[in-house]
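*Asks:* Need coordinates for the below:
(chains A and B)
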There are 2 protein chains.
Amino acid sequence: MTNQVALRESARPVPATAVATTVVETDVVVVGGGGAGLPTALFSRWLGDDVVLLEKAPELGGTAKKAAFWYWVPNNVPMRQKGIEDRYEDYLHYVARLSQPSRYDPTSATAGLSEWEESMARAIYESASPAAELLQERKALVYRHCPDVPDYWSQLPEDKAPYGRVLVPADARESMSDGGECAVRDMSAAADRDGVDVRTGHRVQRLVTDGDRVVGVEATSAAGERVRVLARKGVVFATGGFTHDDELRGNHLGVPAYRGCAAATNEGDFVRISTGVGAQLGNMNYAWMCPVPLERSGRPDLVGMFSVAGDSTVFVNRHGRRVVNEKTPYNELAQTFFAWDGASGTYPNLVLVQIWDQRAQDASASDEYGRLIVPPGSDDSHVIKGETLKELGARIEERLAGQAARTGGFMLADDFAANLPGTIDRFNGFARAGVDEDFHRGETAIELVFNGPVPEEPGRANPTMWPISETGPYYAALVTGGTLDTKGGPRTDPDGRVLDDQGTPVPGLYGVGNCVASASGRAYWAGGATLGPIIAFAHRAAGAVHADAQSQTH
Amino acid sequence: MTNQVALRESARPVPATAVATTVVETDVVVVGGGGAGLPTALFSRWLGDDVVLLEKAPELGGTAKKAAFWYWVPNNVPMRQKGIEDRYEDYLHYVARLSQPSRYDPTSATAGLSEWEESMARAIYESASPAAELLQERKALVYRHCPDVPDYWSQLPEDKAPYGRVLVPADARESMSDGGECAVRDMSAAADRDGVDVRTGHRVQRLVTDGDRVVGVEATSAAGERVRVLARKGVVFATGGFTHDDELRGNHLGVPAYRGCAAATNEGDFVRISTGVGAQLGNMNYAWMCPVPLERSGRPDLVGMFSVAGDSTVFVNRHGRRVVNEKTPYNELAQTFFAWDGASGTYPNLVLVQIWDQRAQDASASDEYGRLIVPPGSDDSHVIKGETLKELGARIEERLAGQAARTGGFMLADDFAANLPGTIDRFNGFARAGVDEDFHRGETAIELVFNGPVPEEPGRANPTMWPISETGPYYAALVTGGTLDTKGGPRTDPDGRVLDDQGTPVPGLYGVGNCVASASGRAYWAGGATLGPIIAFAHRAAGAVHADAQSQTH
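*Replies:* This is a model prediction of the structure:
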């Protein structure tokens, strides 16, 4: 047994006639055992199909295991039970407005989306709730409803159901941060209970084809064993995105994002494996984004910064000035780092510095949601300390110098120290008044959800702000933007069938989750906008594999 | 004979054993007869290879025919003759600093570029000049040197040879705007003279393969004839980018750019055709960008706005405020439109409005370089007129309403009319002083080159600015950002060999120009940074096809 992952080999498909060492045969091969693969395997199994699940890592869970596992389910059963209306047209307008803002057209039947985009959006609306109910019914994923959690853009007029679309695993803690552990544990147990043949430590290298049809995969184990698994009905990839492949990120993402917190095995395998059978790639330019501590990017234990905790804290740029509402939801906050300045030919905000005081350190430290203000005893290798702002600035400069080779030599500007006290003064004034005149911090509902633990201050108007102390010690961390995971890959139809350049399915090949093209464009509609749709598509793909095989037989 | 282009069919490769209607055999098939295909065909022919050139359009020229055809040739012969030093290390630092600003590292041997990127940059440095010289020697493309044209970033300390790298066709007019006509005419004549078998009206649909090897292509004519052209030595694609494919632009480019001025046949054919043989895609996220008049985007006669002409003119946003130096070189100016505002979830500058007065209309009208101030008698369908600023604003609003379905309903803000006079006052003050305190207009060398015709004003400090008149009539146009052409596609080695997922060449398959991955990342180093490298790679690919076939034989 090994803890290693097998090396990557050539992804070119091999014909079924080629020799393999070990041959296994089943109905459905599911590749990847995370938030997409586990439900796909379960849904397939519950349809009566034999399933082999191949996972590259030594254990199941993938990125989902590190996640809070909120799942966004439009028009879900608890909403309907509570009388919260969530009509398809309203949902579609919300989705279209955010996913394709330069094409949104409320007067069109598809709200400006392409036919494919609208069909994918419809699939989510129609199938996320039945999928969630089935998982609950089979005790594979029991949920609790979060009526008080708003969408990330609940303030938009297009959001007609701003509260109620989020579910979480029933026994997640109150802060909901450990939902992934719960969900992976319960879905894994269900897979074991219901007879899914789970094989960890198996890296799928390539497809096995018979003419135009995909009939299986070849995998290698870390020990070097080569295994061919033939699929009588179909192969479903659920292998995650390409967060941990620098070449794919650099050649596809619209911004030079750093590595984020996807499972270390998310290396874009399906992008490579699928091109050999002519798959059409979609949505390669966008990712689920989040801020990350620059110095920890690339480490497998990284957790993206989903919540900027604290009230007496600000982000400042290399000039010591605020440039953003620090409580902006993570996907949008992460864009800030990649604003391009065409006059200087630089990313002027590539690194921002979070600064906080002792009050925030004492009251807002937390090891949840990737917060950078961490409790004593935690890994604080990203934390910079200074007794005075001047000393803090010097320490920041040292840390930046240590990162120069991965930031294009990003350093503080000469006016950082001069500007910083004025920036803090101005913020402190806003904090006292409760109104951030520059960036409107704390004015939307979701910001309060992600505010993190802050001291009780009876009567204050804005819980997201408090004046930063005039005396040290001070703390800081270097922050940039990364991919929670990417959301591009082979395009599928709404039932998970991988499509070729003409939109025709590649027979026998399916995909679900972050390894295939998301129709969300650039948007992150709400917490759980990853996993809710993934469960919907897992349900649909399992059904399509089953039905396609039946229609072939008859 | 037909003027139409054949419809697109499935791009899946076919084995050589499959039947075809007409079969032609040659040494080298070149697909595409524009700025990359023509020199590739010539270089191949001059090595003694038989060449069939297949062009989809009814005539040769592609995007190059519409271009000024500057070509950027580092360390070129006239530079050396004039004693202008252009060392490889200096060139590399300039290229790396701009192409990968977040990875630029002057202390590394590759200046922070990947091994592949450095090898491609080196190929340009080593081969652009020999290629230009050979084209000149064979009278296929005679150049004149432009010692007074600066690079687009000549102001950077990394640019050690800021002047002298640009060549243009020798008999282009003084303004250099018609270089493409000259170059296509002369290279076409040379192809005819030297026996290249040119076949226009042939759309290549797919590859013909023999096992792993590409041995030819299948094309269809607009009349529906199917022709197979077998290549004894190799197939070189030079089919341009994916400017005119909305799906590919939307699913790959980092910003929602509009269609720009590439030839209408640039529909991403090679992206589709190459994926079926497992090609690895590179640099799919970036494009050669330029501003375009919104209302003309998508028209085949569009010319990108390479020069914002005039002094008494500004760009304003929907609030009636300036947001950019209007004379910024086009690639960077075009980025302005796609700045994302994460607070509102919008592209607030998706459309900017160029405004000018009668003085600019009288003195700066021109039909060159895509300028929007056009002479009487030209197509002025993009021009909006108003006797007063108030009337102009009302007309602008009408025009924007007409474009709402393709802009996400982009309209002027309520404060546009109130802010505009103040914006003009402020600009006029800058114009009188000769210093733009907000955006530094006219402070770099390249801005003066692209300033366009402006009235003689003896003694003024800044030829790019003049106060806008206090009385009408006024003129305006809606401006957004588009792709001159894209610069992503299958990745090749520095000799044009298309690479698979492991970086191994796909035998028999080559690519040159905007249809393959550029190593320039996001950068537009200088005028001619498209065509100079293209000529270098055309030379190298022709050599590689020839040499690879020889090494196979022996």
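*Asks:* Show me what counts as buried in the helix or strand encompassing residue A:44.
*Replies:* Assessed by DSSP states H and E, residue A:44 sits inside helix A:37-46. For helix A:37-46, a neighbour-count test (16 or more other C-beta atoms under 10 Å in any protein chain shown) marks A:37-46 as buried. (Glycine included, C-beta is placed from N, CA and C.)
*Asks:* Tell me if I'm right that residue A:145 and residue A:78 touch.
*Replies:* Yes. Judged on C-beta atoms under 8 Å, residue A:145 makes contact with residue A:78 at a distance of 3.7 Å.
*Asks:* what separates residue A:524 from residue B:333, distance-wise?
*Replies:* Residue A:524 sits 29 Å away from residue B:333, going by C-beta to C-beta, to the nearest Å.
*Asks:* again with residue A:437
*Replies:* Per C-beta to C-beta, residue A:437 is found 31 Å from residue B:333.
*Asks:* These two: which is more packed in?
*Replies:* Between residue A:437 and residue B:333, counted using other C-beta atoms under 10 Å in any protein chain shown, residue B:333 has the larger neighbour count: 25 against 9.
*Asks:* That one contacts residue A:340, correct?
*Replies:* No. Counting by C-beta under 8 Å, residue B:333 stays clear of residue A:340, with 11.8 Å between them.
*Asks:* Disregarding flanking residues, what is the spatial nearest neighbour of the residue of chain A found nearest chain B?
*Replies:* Residue of chain A nearest chain B, by C-beta to the nearest C-beta: residue A:254 (2.5 Å). Nearest residue to residue A:254 in three dimensions, chain neighbours excluded: residue B:254, at 2.5 Å (C-beta to C-beta, 6 or more residues apart in numbering or on different chains).
*Asks:* tally of neighbours for the one you found?
*Replies:* Counted by other C-beta under 10 Å, the residues lying close to residue B:254 total 23.
*Asks:* got the contact list for it?
*Replies:* Counting by C-beta atoms under 8 Å, 6 or more residues apart in numbering or on different chains, residue B:254 makes contact with A:253-255, A:285, B:285-286.
*Asks:* go on, residue A:260?
*Replies:* By C-beta under 8 Å, 6+ apart, the contact list for residue A:260 reads A:243, A:289-290, A:292, A:297, A:302, A:304, A:482-485.
*Asks:* Rebuild those residues as CSV, extending it with secondary structure and pLDDT.
*Replies:* Putting the contacts of residue A:260 into CSV (DSSP: H, G, I helix; E, B strand; the rest coil; pLDDT from 0 to 100) gives the following:
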residue, secondary structure, pLDDT
A:243, coil, 98
A:289, strand, 98
A:290, strand, 97
A:292, strand, 97
A:297, coil, 94
A:302, coil, 90
A:304, coil, 93
A:482, strand, 98
A:483, strand, 97
A:484, strand, 96
A:485, strand, 98
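*Asks:* In the stretch 51-200 of chain A, where is pLDDT below threshold?
*Replies:* Of all residues in the stretch 51-200 of chain A, none has pLDDT under 70.
*Asks:* So which bits of it are right by chain B?
*Replies:* Neighbours of chain B within the stretch 51-200 of chain A, by C-beta under 8 Å from any C-beta of the partner chain: A:97-98, A:100-108, A:112, A:114, A:153, A:156.
*Asks:* change it to 7 Å
*Replies:* For the stretch 51-200 of chain A, the residues in contact with chain B (C-beta under 7 Å from any C-beta of the partner chain) are A:98, A:101-105, A:153.
*Asks:* just the stretch 451-554 of chain A next, same as before
*Replies:* Within the stretch 451-554 of chain A, the positions adjacent to chain B are A:500-502 by C-beta under 7 Å from any C-beta.
*Asks:* Selecting buried members of these in ChimeraX, what would you type?
*Replies:* Buried members of those, defined by 16+ other C-beta under 10 Å, are picked up in ChimeraX with:
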select /A:500,501
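*Asks:* Which of the residues of the stretch 451-554 of chain A next to chain B fall in strands?
*Replies:* Among those, no member is found in strands (DSSP state E).
*Asks:* Adding distance to residue B:390 and pLDDT, write the residues of the stretch 451-554 of chain A next to chain B out as CSV.
*Replies:* Below are these laid out as CSV (distance: C-beta to C-beta, whole Å; pLDDT from 0 to 100):
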residue, distance to residue B:390, pLDDT
A:500, 55, 95
A:501, 51, 92
A:502, 52, 92
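*Asks:* Tell me which helix or strand comes right after the one helix or strand in chain A whose mean pLDDT sits lowest.
*Replies:* Within chain A, no helix or strand scores below strand A:14-15, which has a mean of 86 by mean pLDDT, DSSP states H and E. Going down the chain from strand A:14-15, the next helix or strand is strand A:22-31, by DSSP H and E.
*Asks:* which residues sit against that following strand?
*Replies:* A:37, A:40-41, A:44, A:49-54, A:197, A:204, A:216-217, A:225, A:227-239, A:545 (C-beta atoms under 7 Å, 6 or more residues apart in numbering or on different chains).
*Asks:* let's see it at 6 Å
*Replies:* With contacts defined as C-beta atoms under 6 Å, 6 or more residues apart in numbering or on different chains, strand A:22-31 is touched by A:37, A:40-41, A:44, A:49-54, A:204, A:217, A:227-237, A:239, A:545.
*Asks:* relative orientation of it and helix A:37-46 in degrees?
*Replies:* With axes from the mean of the first three to the mean of the last three C-alpha atoms, to 10 degrees applied, the angle from strand A:22-31 to helix A:37-46 works out at 110 degrees.
*Asks:* ok, how many other residues are close to the closest residue to residue A:541 other than its chain neighbours?
*Replies:* Among residues not flanking residue A:541 along the chain, residue A:496 sits closest, at 2.9 Å (C-beta to C-beta, 6+ apart). If you count neighbours by other C-beta under 10 Å, residue A:496 ends up with 29.
*Asks:* do residue A:170 as well
*Replies:* Neighbourhood size, residue A:170 [other C-beta under 10 Å]: 15.
*Asks:* Next one: it relative to residue B:501, how far apart?
*Replies:* On the measure of C-beta to C-beta, residue A:170 and residue B:501 end up 42 Å apart.
*Asks:* ok, now residue A:204?
*Replies:* Using C-beta to C-beta, residue A:204 is found at 14 Å from residue B:501.
*Asks:* part of a strand, is residue A:96?
*Replies:* No. Counting by DSSP: H, G, I helix; E, B strand; the rest coil, residue A:96 is located in no strand; its state is helix.
*Asks:* For it, give me its contacts.
*Replies:* A:104, A:111-113.
*Asks:* one more time with 10 Å
*Replies:* A:103-106, A:108, A:110-113, A:117-118, A:121, A:158, A:521, A:523, B:408 (C-beta atoms under 10 Å, 6 or more residues apart in numbering or on different chains).
*Asks:* Could I have the PyMOL command that selects the buried members from these?
*Replies:* Here is the PyMOL selection string for the buried members of these, based on 16+ other C-beta under 10 Å:
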select buried, (chain A and resi 103+104+105+110+111+112+113+117+118+121+158+521+523) or (chain B and resi 408)
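*Asks:* Among the contacts of residue A:96, which one sits closest to residue B:180?
*Replies:* residue A:103 (32.2 Å; C-beta to C-beta).
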